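Peer 1: quick one: sequence plus predicted model below, questions after.
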Amino acid sequence: MKYILYGLFLISIIIFSGYQLALNFTEGIFSSPLINIIIGISIIAVFLLIRLLVIKVTIRTISAFFFGLLIGLIVSSLFNQFLAIFMSEYEYWIFIKSVITVILCYLGILIGIKAKDEFNLAIPYVKLVRENESTRLVILDTSVIIDGRIADIVNAGFMSGKFIIPRFILKELQHIADSEDSLKRNRGRRGLDILNKIKTNSKIQVSVQEQDFMDIKEVDAKLVKLAKILGGKILTNDYNLNKIAELQGVDVLNINDLANALRPVVLPGENLKVQLVKKGKEQSQALAYLDDGTMIVVDESKHLIGKKVNVEVTSVLQTSAGRMIFAVPVVNKNR
């Protein structure tokens, strides 16, 4: 229904704009409104064809074109009515009036197209939902696609809404996949495989966003601008992008924050059985790791490296790099 209403509204603007254009150019020579509408729409078609030659047209661009044209017509009509008070008897008044109309309409079109991203005149991600329901748009970053954990999160049903994959992100992934460096090439191909998994998953919608920002070179800046336009959230595990987006008021979903939140809670005084794998920073320390990668620093246990031992947690330290657990061997404590 929203698509139908939007289409009818756009058609109404085209017909009205065409009629007004024809009246300005023909000065009411043709009495039939239908002829005037046909002439006007033909003029609009000429404008649109000119724009087709220089830009890649999207629904958003076409909408911006007609809204800009409408504004140009309104302004030119008011301006011509004002000038008519002084120049209506002038021999070349019709020609001057037509030139003013063309110039102001063209300026309106240029402004409308230039500002189409800021005004978000057309919404290409409309979804028919209940009135009390909203669709959350999640924009994927290159790093989170290559990371791969997002596919498992989607399979588990923890993500809802609609995934947006910008075309410039796909280009970056393709560039990485074509790299001469074998490590980068494997990372890029892994990212493309992850995308295919997500697209074939029925639990979430995936759409490719064609909008690009040619005046912006940095991919991170493009993501932030796109998120602002669409009102979506950026899904990433890039710390720098996380901070840049937050500073500009864009919501971010960080995979690393989710991973930290899902780690099991370990409290001081709790006993664990761990495998000591290597020596620590201090002479008497040994290191162990939980299944989620959390590092455990065990004091007075260097001689137990390679063995599974029971340890008691003495403290837990949360750092920017993650969580660290400090413990002592239970056997050592009992002595």
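Peer 2: That came through fine.
Peer 1: walk me through which strands the longest strand along the chain pairs with, and which way each runs.
Peer 2: Looking across the chain with DSSP state E, the single longest strand is strand 308-319. Using DSSP bridges, the strands paired with strand 308-319 are strand 271-275 (antiparallel), strand 322-329 (antiparallel).
Peer 1: can you put those in a markdown table and add mean pLDDT, distance to residue 90 and mean neighbour count?
Peer 2: In this view, the C-beta of every residue, glycine as well, is placed from N, C-alpha and C. Formatted as a markdown table, the strands paired with strand 308-319 follow (pLDDT from 0 to 100; distance: least, CB to CB, whole Å; neighbours: other CB atoms under 10 Å):
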| stretch | mean pLDDT | distance to residue 90 | mean neighbour count |
| --- | --- | --- | --- |
| strand 271-275 | 88 | 94 | 14 |
| strand 322-329 | 84 | 79 | 19 |
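Peer 1: out of these, flag the one nearest residue 81.
Peer 2: Nearest of those to residue 81, taken as CB to CB: strand 322-329 at 69.2 Å.
Peer 1: gap between that closest one and the chain center?
Peer 2: Computed by CA atoms, centre = their mean, to the nearest Å, the separation of strand 322-329 from the middle of its chain amounts to 39 Å.
Peer 1: which parts of the stretch 51-200 of the chain are strands?
Peer 2: Along the stretch 51-200 of the chain, counting by DSSP state E, counting those that start in this stretch, strands occupy 137-140, 162-166.
Peer 1: hang on, the earlier thing: and residue 179, which of the strands paired with strand 308-319 is closest to it?
Peer 2: Per CB to CB, nearest to residue 179 of those: strand 322-329, 29.2 Å.
Peer 1: contact partners of that closest one?
Peer 2: 260, 263, 266, 272, 274, 290, 293-301, 304, 309-317 (CB atoms under 8 Å, 6 or more residues apart in numbering).
Peer 1: now the residues you listed: which count as buried?
Peer 2: 266, 272, 274, 294, 296-301, 304, 309, 311-313, 316 (16 or more other CB atoms under 10 Å).
Peer 1: ok, which pair from the residues you listed is furthest apart?
Peer 2: 304 and 316 (21.3 Å).
Peer 1: now stretch 270-277 - C-alpha only, CSV.
Peer 2: C-alpha atoms of stretch 270-277 as CSV (Å, rounded to 0.1, in the frame of the first residue of the first chain):
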residue,chain,number,x,y,z
GLU,A,270,35.5,-20.0,42.6
ASN,A,271,37.4,-23.1,41.7
LEU,A,272,38.3,-24.0,38.1
LYS,A,273,40.2,-26.8,36.4
VAL,A,274,42.5,-25.5,33.7
GLN,A,275,45.4,-26.6,31.5
LEU,A,276,48.6,-24.6,32.1
VAL,A,277,50.1,-23.9,28.7
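Peer 1: quick one: distance of that stretch to the chain centre.
Peer 2: 43 Å.
Peer 1: and the pLDDT at residue 29?
Peer 2: Residue 29 is assigned a pLDDT of 48 by the prediction.
Peer 1: tell me how many other residues crowd residue 161.
Peer 2: 15 (other CB atoms under 10 Å).
Peer 1: tell me which residues touch the residue nearest to it when sequence neighbours are not counted, please.
Peer 2: Using CB to CB, 6 or more residues apart in numbering and skipping residues adjacent in sequence, the residue nearest residue 161 is residue 136, 3.3 Å away. With contacts defined as CB under 8 Å, 6+ apart, residue 136 is in contact with 160-162, 232-233.
Peer 1: same thing with residue 166?
Peer 2: Going by CB under 8 Å, 6+ apart, residue 166 touches 139, 208-209, 211-212, 222-223, 226.
Peer 1: show the pLDDT at residue 320.
Peer 2: 54.
Peer 1: which ones among the contacts of residue 166 map onto strands?
Peer 2: 139, 208-209.
Peer 1: could I get the contacting residues of residue 194?
Peer 2: Taking CB under 8 Å, 6+ apart, one finds 145-146, 148, 150-151 in contact with residue 194.
Peer 1: my guess is residue 97 meets residue 80, correct?
Peer 2: Yes - counting by CB atoms under 8 Å, residue 97 touches residue 80, with 5.1 Å between them.
Peer 1: these two - which one has more neighbours?
Peer 2: It is residue 97, of residue 97 and residue 80, that has more neighbours when counted by other CB under 10 Å, with 22 against 19.
Peer 1: distance of the more buried one from residue 216?
Peer 2: 40 Å (CB to CB, to the nearest Å).
Peer 1: could you do residue 201 as well?
Peer 2: Taken as CB to CB, the span from residue 201 to residue 216 is 31 Å.
Peer 1: re earlier: out of the strands paired with strand 308-319, which gets nearest to residue 284?
Peer 2: Of the strands paired with strand 308-319, nearest to residue 284 by CB to CB is strand 322-329, at 10.4 Å.
Peer 1: how far does stretch 82-99 sit from its chain's centre?
Peer 2: With CA atoms, centre = their mean, you get 48 Å for stretch 82-99.
Peer 1: going forward, the N-terminal residue is numbered 26.
Peer 2: Let's use 26 as the start, then, which means that last one is stretch 107-124.
Peer 1: buried ones in that stretch?
Peer 2: For stretch 107-124, a neighbour-count test (16+ other CB under 10 Å) marks 118, 122-123 as buried.
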